[in-house]
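Undergrad: predicted model follows, preceded by the sequence.
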Amino acid sequence: MNFLHTLSDSKNWIINHKDQLEINWSEKDIELHLNKETSFNIYLLDQTNVTGALIGHFLYQDHKVSEFEILHIAVLPKFRNQGLGRMILEELEKQLKSTGKSVKIFLEASAVNKFAIKLYEKLGYKAYNERKNYYGSNPINPSSLQDAILFAKTLNASS
Ligand SMILES: CC(C)(COP(=O)(O)OP(=O)(O)OC[C@H]1O[C@@H](n2cnc3c(N)ncnc32)[C@H](O)[C@@H]1OP(=O)(O)O)[C@@H](O)C(=O)NCCC(=O)NCCS
């Protein structure tokens, strides 16, 4: 397994796998994100494939602390439930810790996304807020509204 921050063509890889990754960004959104100075992404590769990705950005940084937001994390469907999602999040934490700063990580998940929530809770993310009916609809039941759960985890500089 290998982790990279960028691919030879990150934009096209994300665009080509958008549906499988369950990313609902437009091509423009993807390009804007990849060009932002604050963006920080992790791609997980096995010998031959990119198997998953984390897309995130720094919200705030000073010399002692920073805040980071995971905008999306996804593993391609045929590689799921094999521990890769956990590996990507652990790699993120390793890299954020190596900055020597305290880092607060934020993310949000749909309340119906049981696997993602289970993964975050197992890694010590704590729910701190809920947004009722935050997500407009889902493809299976377009009329349904889904609540968002907001999670956070703090990595202390010394830990
Ligand atoms: C959420 C996601 C990234 C998890 O990645 P993954 O590689 O499948 O996750 P892991 O294999 O590391 O599993 C981590 C934990 O999640 C749970 N889990 C994940 N998939 C599961 C499944 N199919 N059945 C039961 N539990 C599952 C398990 O509790 C597992 O922990 P364990 O192995 O200690 O039991 C992946 O399901 C995904 O890409 N989903 C689509 C995109 C998405 O919803 N992203 C999150 C947006 S908030």
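TA: Arrived safely.
Undergrad: hey, what's the residue lying closest to Y134 once chain neighbours are set aside bridged with?
TA: In space, and not counting its chain neighbours, Y134 is closest to A148: 3.7 Å by Cβ to Cβ, 6 or more residues apart in numbering. For glycine as for every other residue, the C-beta is placed from the backbone atoms N, C-alpha and C. Beta bridges link A148 to S110, R131 when assigned by DSSP bridges.
Undergrad: host element of K153?
TA: Here K153, judged by DSSP states H and E, is contained in strand 146-155.
Undergrad: pull up the residues of this protein that are close to the ligand.
TA: Taking Cβ under 6 Å from any ligand atom as the criterion, the chain approaches the ligand at residues 22, 72-75, 80-86, 109, 113, 115-116, 118-119, 122.
Undergrad: mind checking which of those land in strands?
TA: With strands taken from DSSP state E, the overlap with the residues of the chain next to the ligand comprises H72, I73, A74, V75, A109.
Undergrad: so how far does stretch 35-49 reach from one end to the other?
TA: The straight-line separation of the ends of stretch 35-49 (Cα to Cα, to the nearest Å) is 24 Å.
Undergrad: let me fix that: stretch 59-69
TA: Looking at stretch 59-69, the gap from its leading to its trailing residue is 7 Å under the measure Cα to Cα.
Undergrad: do stretch 39-53 as well
TA: Using Cα to Cα, the two ends of stretch 39-53 sit 13 Å apart.
Undergrad: flag every buried residue along stretch 62-69.
TA: By 16 or more other Cβ atoms under 10 Å, the buried positions in stretch 62-69 come out as S66, E67, F68, E69.
Undergrad: would the third one count as being in a strand?
TA: Spelled out, it's F68. Yes - with DSSP: H, G, I helix; E, B strand; the rest coil as the criterion, F68 is assigned to a strand.
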